[in-house]
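turn this into a structure:
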Amino acid sequence: MSYVFTFIVLFVVFYLIMKVTRSRNFPSNDYTPFDNLTEGKKKDD
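Below you'll find the predicted structure:
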């Protein structure tokens with residue numbers, strides 16, 4: 001049973017990678033909350 005679960009997880013990851021690379025529409029990386037945390041920005045800045 002663990003082989004089936006592992007296969008499903010690997011298939012989903014592979015499918016998502018192929019879908020992103022074929023469409024060339026990578027997710028936007030313009031906004032990252034981590035940058036706001038490291039720069040000390042607050043919500044009202």
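
state the distance from Tyr15 to Ser2.
Separation of Tyr15 from Ser2 (Cβ to Cβ, to the nearest Å) stands at 20 Å. For glycine as for every other residue, the C-beta is placed from the backbone atoms N, C-alpha and C.

so which of the two has more stuff around it?
Just comparing Tyr15 and Ser2: by other Cβ atoms under 10 Å the higher neighbour count belongs to Tyr15, 10 against 6.

who's in contact with the more buried one?
Residues near Tyr15 by Cβ atoms under 8 Å, 6 or more residues apart in numbering: none.

tell me which element it falls in.
Assigned by DSSP states H and E, Tyr15 belongs to helix 2-23.

convert the C-alpha atoms of that helix to CSV, please.
In CSV, the C-alpha atoms belonging to helix 2-23 read as follows (Å, rounded to 0.1, in the frame of the first residue of the first chain):
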residue,chain,number,x,y,z
SER,A,2,2.9,2.4,0.7
TYR,A,3,4.1,1.9,-2.9
VAL,A,4,0.7,3.1,-4.2
PHE,A,5,0.8,6.2,-2.0
THR,A,6,4.4,7.0,-3.0
PHE,A,7,3.6,6.6,-6.7
ILE,A,8,0.6,8.9,-6.4
VAL,A,9,2.6,11.6,-4.7
LEU,A,10,5.4,11.3,-7.3
PHE,A,11,2.9,11.4,-10.1
VAL,A,12,1.2,14.6,-8.8
VAL,A,13,4.6,16.3,-8.3
PHE,A,14,5.8,15.3,-11.8
TYR,A,15,2.4,16.4,-13.3
LEU,A,16,2.6,19.8,-11.7
ILE,A,17,6.2,20.4,-12.8
MET,A,18,5.3,19.4,-16.3
LYS,A,19,2.2,21.6,-16.3
VAL,A,20,4.2,24.7,-15.2
THR,A,21,7.1,24.2,-17.5
ARG,A,22,4.9,23.6,-20.6
SER,A,23,2.7,26.6,-20.0
